[in-house]
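In: could you look at this predicted model? Sequence included:
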Amino acid sequence: MSTLEAASGYKPSRTMPIWAEVRRQASRRRTQMALGFMVLLPLIVLAAFEFGGGGGDDDDGNGGGAFSSMADLATSGGLNFALFGLAVSAGFLLVVVVALFFGDTVASEASWGSLRYLLAIPVPRARLLGVKLIVAAGYSLLALLLLVGTSLLVGTLRYGWSPMGSTIAAEIPPGEGLLRLLGICAYLATTLLVVAGLAFLLSVLTDAALGAVGGAVLLWILSSILDQIDALGGIRNGLPTHYTDAWMGLLSTPVQTEDLAKGAISAIVYATLFWGIAFFRFTRKDVTS
Amino acid sequence: MPDLIAGLRRALPRLNRRRVLPAAAVLVVLAAAAVWAVRPTPDAWTTEDFRIAGADVELDSRLYLPADRDGKVPAVLLAHGFGGTKESVRSDAESLAGRGYAVLTWTARGFGRSTGQIHLDSPDHEVKDAQRLLDWLAARPEVTTDATGDPKVAAVGGSYGGALALLLAGQDPRVDAIVPQITWNDLNASLVPGGVFKKAWAGYFFGNGGASALGLLGGGGAGGRGGEMPAVDPACGRFAEDVCKAYLQMATTGIPDETTRALLLKSSPATVLDKIKAPTLLIQGAVDTLFPLSEADANAKGIAATGTPVRVAWFTGGHDGGAGPTSDSDRLKYLTAQWLDHYLKGEGDAPGDDFTFSRVAGFSALDRGLVTNGYSTGSYPGLTGTGSTEVTLTGAAQPIANPPNGNPGAISSMPGITSRLSSVLSGGVALDVPGQHAVFESAALTAPVEVAGAPTLRLRAASPTGEAVLFVKLYDVDANGSATLSAGLVAPIRLTGLPADIAQASPVSVTLPAIVRQIEAGHTVRVTVATSDQAFLTPAQPATYTVAVEPVLTLPTLTGTPIADPGSLWWFVLAGVLGVILLGLVALLVISRIRHRRRDVAVVEEHADTPLVVNGLRKAYGDGFVAVQEIDFTVQRGQVVGLLGPNGAGKTTTLRVLMGLTQPTAGEIFVFGHRLVPGAPILSRVGSLVEGPGFLPHLTGEENLRAYWQATGRPWADARFEEALEIAGLGSSVHRKTRKYSHGMRQRLAIAQAMLGLPDLLVLDEPTDGLDPPQIAEMRRVLQRYATDGRAVLVSSHLLAEVEQTCTHAVVVNKGRIVASGQVSDIVGDSPSVQLDVSDVPAATRVLEELGVRSVKTEGPNGLIVDMNGTARSEVVASLVGAGIGVDRLVPRRRLEDAFLSLVGDNSRGSGDR
C-alpha cells in the first residue's frame, strides 16, 4: 500500500464531479435569489402592465426607436411579452446575473478558504476551473431560459398565442416568431460570453467575490459608455459591447445577420482571450488565500 | 462597497518594478491606437475655386484634383440637382476625386453665386454653359485630352444635373460617358402625366427656384444664402421670363398650351437621344413620383436605338425615397465607378448590360430604416417584365364624385416633404376620401407575385360633362386589411368624349406606374379609381362620374438572381474563428496529454516507505521576500513531528508547498517516494489543515464534510465519515450552519475534514488554535493514536509546550532555516546546562571555572547559565556553597528551550508570516 501513487479510489478525472459543483452552487442563497428573480421579473412586469393603467399617451412619435415600440406591443401576445422581458433585461440585469455566476465562483471559494482544500484533494487546477466554468455557464443559461420561459408562459396565458408583432416590421407568424425568440436568446447568450470571460478572469485574480462581479459589470458599463462616443470612430467596433443590440436584427424581415456574426466573433474572441488568461494564470499561480 | 474596492484593488495587479514597464507599454499602445483612430486623415484630393465664364454668365465652380495623381487624369463634370449648388455634390466629388478623377463642380446659372437666370437645362443656356466648362477642362494641364480642345470627360449628375448630362451628351460629342440619375425624359410627360398637371411637384420647384435659396434636390445645402442677390421679380424669382410664363400658364389652367409644351420639350432629353453617342449608365429610383421609372425607360430605349451602350439600374429611392438604404447606394457607387473606370480610364472589362434592381425586403429593427435585397437579371427587361401574372378584379360600376376645386382631395404622396422612406413605402400617407373613389378587389393570391414593371388594366368611365380626370392606384392589401400604395405612385388620366351612361362607355387601357414589389400569398390586390389627388390639379367643377374596371389586371413579373450579401462573409469568418479556437483547444489537450505521459512518475526507492521527506526546500516570493531559506526534514511512519518556530519562521510556507498550493523555488518534497508537485495525485494520501479552516458558510458542518468528500470523487465508504465526526466531537451542532460556529468548532471540524479517509500523512497547522484545555488534551490523544498503523502526523506550532506534549519528534525553524531537530525526548531531555541564581555572581563564576565547566554566561543581576560539561549538579552546588556563595535556585535547562530561546532571543519579531 505504501507505494501507491494515490489513495485508493482517487482519480484526477473523477475529482470535483460536475453534479457536486452544481449542488454546491445550488445551495447558495445568491444562486437561488438570482434564479428566483428571473422567474419573478416577468410576473412583476405583468403586474405593472395590468395595474399600471393605460399610460399609452407618452408616445413620442418617431423618436422612440425600436424599444418603445416593443413596450407598446408587449401586451399583444406571449411572444411579444417575452421579447419585452428580454429587451429590458439584456442591457443590465442579465449582465449582472452572468457576472455573478462567473465572477463569484472561484473568488468565493478563495475567500472562504475552501479553495486550498479543493486543490489539496488534489483537484487538478485546470479541472477545477473547467468544472466551475461549465457549471457557471449552465446556471447563466438556466437564468436566461427561466426568464424567457416564464415570460413566454405568463405572457401567453394572459395575452394569448399570437404572431410576434412590431410597429416597424410585418408580423411574424408564431412558429417562426418562437424561432426568432430562441435566436435572440442564443445571440444574447453569445454576447454575454464577454461578461462571463471578464468576470471569470477577475474571479481567478482576486479573492473578493464582490470585486470580481463588480469589476466585470463596471468594465462592461465603461465599454458601453465608450461606445457612445462617436469621436472614437473605428475603435468602437472593437469594444466588447459594440454589437450588443444586434439581436434586434432578428426582428426585421428578412433578418439582418451581418452584425450578429460580427458580434458573435467579437464576443467569442474576447471570451476565449479572457478564459485563456484565466486558465494560464490559475494553473501557475501560488494560491495564497 | 469597501469590500468591492478592496476586491478591485486585489484584482488589479500590484505595481512593482517588473510590472511598471509592461503596464507603461500597454498604456502607450492604447493611447497610440486612440490617437491613430481619431487622427485627421489627409485628404486624397485638393480643391480650387474658379469663376468660369459660361455662355453669357459667370459660373461659381470648383475643381477637385486627386492628391496623388501621376500625370494627367480624366475628368468628370458633376452637376447638381435643382435648387442646389456646387456644395450639394461635394461628398460625391470628393469620392470621385479620391478615385483618381479631376472633378469639376459648378453652380448652375440662376442658383447660388452663379449669375444668370434659370432656363431649365435649356440647350441654349445651361447646356452651352456646360460646353464652356468642357472647353475650360480641355485647357487644364491636369486633364487628359482626346484631341486638342477635347477633354477625356464624363458627365454625371442627378435629376436637374442628370438631364443636363443627357442634353450635353446629345449636343456635344466631346462627352465620353454619362451617368444620368433620377432624371426625366420628357418634362411634358413628367409634369403633366396623362394630361393632368402635377401641381404639387411643380409648385414645389417653382417656389424653390423662385427663392433660389435652398436646394432640396440633389442633397440640399445653403448655397446662395450669403450671395449677392440681385433684385428679382417677386413673381418669377430667378426664373427666366419664358420659363416663368410657362409655369404660370400651366398652373393656372392645368393644361399646358403650345408655347409651354414647346418650352418643356426643348428642355427634354427626348429630343436628343438619337444624338447621344456616349455610353450611358441610367440610374432611376423606384420611389419617385416626380420622375418615375418610365422616364429612364424611355431614355434607355431612345439611346440604345442608335447602338450606344446603355445600362440601366434601379434602386429603392428617388425624389420621394432619397438615397435609399446603404446596400443600394453602395451598389450604385460601384456601378458608377465601374462605368467611369472603363469608359474614361480604360480600366476593367466593359461593363455588361445586365440589369440590377432592388426590392424592399422589410424593415430594419436597428434604425427603422429599410432593408432591400439586390437582384440582377441578364438584360434590361423594360417595364413589362419577363413574364406576367393576371389577376381577376371584381366590383360593379360605381359612381364617384369629383370634389369642387379638388378639395377634399385624396393623398398619395407628399412631394418635397422629407419623410422616412419606410413610411413613404408602407403607404402610411395614402388616403382616399369616401364617395370619391371606387374599389375593385381581387381574391387572395395563392402564390406570391414578384412585380417589377408597369401593371396594366382596362377601364370604362362615364361622365355627364363628357370629361373626367381619374387617378388609378394599385394597393397591396394584407390579410389584416391594411392597404399599401407602393411608393405613393398613381396613374392620372384625363379622359374626354365620355358618354353619360357607363353602359355605352368603351374601355381604355391604363398603364399604372412601374413598381418593384413582392405581393405576398394571401394578400389581395385592390385597384382604386379616385377623382381627386392633392398632388394634382383636378377640374374645379363638381361632377359625378361612373367607373368600372375590366376584370383582368396584368402584373408584369421579373425574377432576378439575388446579389450576394457581402455581410454573409462574416459568418464564414465566425466559422473560421470557431475552427481556430477548437483546433487550439485540441492542440492544448494533446500537448497536455503528452506532457502528462512524460512526467516523472518514478518512485524514489529510498523514500518509498517514508511518509515525508523534505530536501533543501527554498521559497522566495516574487517581490524578493525569502520565506524559506533551506529546510530539510523527514517524517517517518508512526511519528508525530512538530514543526516549531515563531511566527514568520516559514512554517506555513513550508506547509503550503506541501499542499501543492505554492511552487517551491528550489528543493524537493517526497511523499512515500513520490515527488510532490502542485496537483500531484500523491496529495490524495495527505490530509491537511493549513491556515485555518475553510468551509462553505451556508452549509452545515456535516454537509460541508460531505461536499468535501464528494469533491474528492472517491467512494463514500472510504471516507470513514463516522470516525471523523466523532473526532470533531460537535454533537448536534454538526447540523448547524458553519457560519454560526465558534472558532474552536470550526477548528475541530477542519481537523475532522483533514482526517476524512484516514490519509497516511496528516499535516496540521496550529491544530489546537482556539481549542480549550480539555479539547487540547483530547486532540493530543487523537493525534498520538492517529500516528499508529504506519501513519504519520506533521504538526506545526509556535508553542513549545504543545510540541513537547504532543510530538514524538520536533523540527525547530527560525527565519526559514532549521535550528534543531530530532526526537522530542532528546531535545526536551536534560541539557548539559543549568540556570543558577546566586548571591555573588563574580565569585560564583570564578568557582565554576575552577570546576572545569565548559562555559559560564551571566544572565540578569543574579543569574548564570552554566554548561556543565559532565560535572554533576550536586558537585556544583557543593562547591558554590563551600565557597560561601548562596545558591537561591538551580534549574536544569532543556535543549529545546535552549534552541528556542536562543532564536527568540535573537529576534522575537517575525519577519512577516507569509
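Out: Now that the structure is in, tell me what you want to look at.

In: list the contacts for residue 188?
Out: You didn't say which chain, so I picked chain A. Going by Cβ atoms under 8 Å, 6 or more residues apart in numbering or on different chains, A:Leu188 touches A:86, A:90, A:94, A:144, A:247. (C-beta placed from N, C-alpha, C; glycine too.)

In: sorry, I should have been clearer: chain B.
Out: B:256, B:261, B:264-265, B:268.

In: switch to 10 Å and redo it
Out: B:195, B:250, B:256, B:260-265, B:267-268, B:270 (Cβ atoms under 10 Å, 6 or more residues apart in numbering or on different chains).

In: hang on, the earlier thing: I'd like the contacts of A:Leu188 as TSV, with secondary structure and neighbour count appended.
Out: Formatted as TSV, the contacts of A:Leu188 follow (DSSP: H, G, I helix; E, B strand; the rest coil; neighbours: other Cβ atoms under 10 Å in any protein chain shown):
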residue	secondary structure	neighbour count
A:Leu86	helix	20
A:Ala90	helix	21
A:Leu94	helix	22
A:Leu144	helix	22
A:Trp247	helix	26
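
In: and chain B, which of those contact it?
Out: A:Trp247 (Cβ under 10 Å from any Cβ of the partner chain).

In: closest to chain B out of the contacts of A:Leu188?
Out: A:Trp247 (8.9 Å; Cβ to the nearest Cβ).

In: for chain B, give me its nearest residue in chain A.
Out: For chain A, Cβ to the nearest Cβ, closest residue to chain B: A:Gly211, 1.6 Å.

In: on the pLDDT front, check B:Leu340 for me.
Out: Note for B:Leu340: predicted pLDDT of 92.

In: what helix or strand does it sit in?
Out: Here B:Leu340, judged by DSSP states H and E, is contained in helix B:326-340.

In: mind listing what's buried in that helix?
Out: Residues B:327-328, B:331-332, B:335-340 are the ones in helix B:326-340 that count as buried (16 or more other Cβ atoms under 10 Å in any protein chain shown).

In: chain center to that helix, what's the gap?
Out: Centroid separation for helix B:326-340 versus its chain: 26 Å, with Cα atoms, centre = their mean, to the nearest Å.

In: restricting to C-alpha, output the following helix or strand past it in CSV.
Out: Of the helices and strands lying after helix B:326-340 in sequence (DSSP H and E), the nearest is strand B:355-363. Taking C-alpha atoms only, strand B:355-363 is exported to CSV below (Å, rounded to 0.1, in the frame of the first residue of the first chain):
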residue,chain,number,x,y,z
PHE,B,355,-29.7,44.9,-65.1
THR,B,356,-29.7,45.3,-61.4
PHE,B,357,-32.6,46.4,-59.2
SER,B,358,-33.5,46.1,-55.5
ARG,B,359,-36.7,45.2,-53.7
VAL,B,360,-37.8,46.1,-50.3
ALA,B,361,-37.5,43.1,-48.1
GLY,B,362,-38.5,44.5,-44.8
PHE,B,363,-37.6,46.9,-42.1
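
In: strand B:355-363 vs helix B:326-340, what angle?
Out: Following axes from the mean of the first three to the mean of the last three Cα atoms, to 10 degrees, one obtains 170 degrees for the angle between strand B:355-363 and helix B:326-340.

In: strand B:355-363: how far from the chain's middle?
Out: Its chain's average C-alpha position is 26 Å from that of strand B:355-363, according to Cα atoms, centre = their mean.

In: ok, then the element right after it?
Out: Using DSSP H and E, the helix or strand that follows strand B:355-363 in sequence is strand B:370-377.

In: who are the packing partners of that following strand?
Out: Applying 3 or more Cβ pairs under 10 Å, 6 or more residues apart in numbering or on different chains; DSSP states H and E, one finds that strand B:370-377 contacts strand B:310-315, helix B:326-340, strand B:355-363, helix B:421-425, strand B:449-453, strand B:515-519, strand B:561-562.

In: try 6 Å this time
Out: helix B:326-340, strand B:355-363, strand B:561-562 (3 or more Cβ pairs under 6 Å, 6 or more residues apart in numbering or on different chains; DSSP states H and E).

In: which residues sit against the helix or strand following it?
Out: Per DSSP H and E, the first helix or strand lying C-terminal to strand B:370-377 is strand B:387-394. Residues from elsewhere that reach strand B:387-394, judged by Cβ atoms under 6 Å, 6 or more residues apart in numbering or on different chains: B:440, B:442, B:449, B:525, B:527, B:549, B:551-557.

In: can you rerun that using 7 Å?
Out: Contacts to strand B:387-394, defined as Cβ atoms under 7 Å, 6 or more residues apart in numbering or on different chains, come from residues B:440-442, B:449, B:525, B:527, B:549, B:551-557.

In: just checking, which of these belong to strands?
Out: B:440-442, B:449, B:525, B:527, B:549, B:552-557 (DSSP state E).

In: now those residues as JSON lines including pLDDT and neighbour count?
Out: As requested, the ones in strands among the contacts of strand B:387-394 are exported to JSON lines (pLDDT from 0 to 100; neighbours: other Cβ atoms under 10 Å in any protein chain shown):
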{"residue": "B:Phe440", "pLDDT": "94", "neighbour count": "25"}
{"residue": "B:Glu441", "pLDDT": "92", "neighbour count": "17"}
{"residue": "B:Ser442", "pLDDT": "92", "neighbour count": "19"}
{"residue": "B:Val449", "pLDDT": "90", "neighbour count": "21"}
{"residue": "B:Val525", "pLDDT": "93", "neighbour count": "24"}
{"residue": "B:Val527", "pLDDT": "93", "neighbour count": "23"}
{"residue": "B:Val549", "pLDDT": "92", "neighbour count": "25"}
{"residue": "B:Val552", "pLDDT": "92", "neighbour count": "12"}
{"residue": "B:Leu553", "pLDDT": "92", "neighbour count": "21"}
{"residue": "B:Thr554", "pLDDT": "93", "neighbour count": "19"}
{"residue": "B:Leu555", "pLDDT": "93", "neighbour count": "26"}
{"residue": "B:Pro556", "pLDDT": "94", "neighbour count": "23"}
{"residue": "B:Thr557", "pLDDT": "93", "neighbour count": "18"}
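
In: for chain A, tell me which of those residues show up nearby.
Out: Filtering these for proximity to chain A by Cβ under 7 Å from any Cβ of the partner chain leaves nothing.

In: mean confidence for stretch A:265-274?
Out: 94.

In: pretty sure B:Val614 sits in a helix.
Out: No. B:Val614 is assigned strand when assessed by DSSP: H, G, I helix; E, B strand; the rest coil, not a helix.

In: that one - how many residues pack around it?
Out: Residues contacting B:Val614 under the criterion other Cβ atoms under 10 Å in any protein chain shown number 25.

In: repeat that for A:Arg158.
Out: A count of nearby residues for A:Arg158, using other Cβ under 10 Å, gives 14.

In: confirm that B:Leu282 sits in a strand.
Out: Yes. Using three-state DSSP, the assignment for B:Leu282 is a strand.

In: before we move on, the earlier item: adding distance to B:Glu94, secondary structure and pLDDT as columns, could you present the contacts of B:Asn188 in JSON lines?
Out: What follows is the contacts of B:Asn188, written out as JSON lines (distance: Cβ to Cβ, whole Å; DSSP: H, G, I helix; E, B strand; the rest coil; pLDDT from 0 to 100):
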{"residue": "B:Gly195", "distance to B:Glu94": "43", "secondary structure": "helix", "pLDDT": "88"}
{"residue": "B:Met250", "distance to B:Glu94": "39", "secondary structure": "helix", "pLDDT": "88"}
{"residue": "B:Pro256", "distance to B:Glu94": "40", "secondary structure": "coil", "pLDDT": "89"}
{"residue": "B:Thr260", "distance to B:Glu94": "39", "secondary structure": "helix", "pLDDT": "90"}
{"residue": "B:Arg261", "distance to B:Glu94": "40", "secondary structure": "helix", "pLDDT": "91"}
{"residue": "B:Ala262", "distance to B:Glu94": "40", "secondary structure": "helix", "pLDDT": "92"}
{"residue": "B:Leu263", "distance to B:Glu94": "36", "secondary structure": "helix", "pLDDT": "91"}
{"residue": "B:Leu264", "distance to B:Glu94": "34", "secondary structure": "helix", "pLDDT": "91"}
{"residue": "B:Leu265", "distance to B:Glu94": "36", "secondary structure": "helix", "pLDDT": "92"}
{"residue": "B:Ser267", "distance to B:Glu94": "30", "secondary structure": "coil", "pLDDT": "91"}
{"residue": "B:Ser268", "distance to B:Glu94": "31", "secondary structure": "coil", "pLDDT": "92"}
{"residue": "B:Ala270", "distance to B:Glu94": "33", "secondary structure": "helix", "pLDDT": "92"}
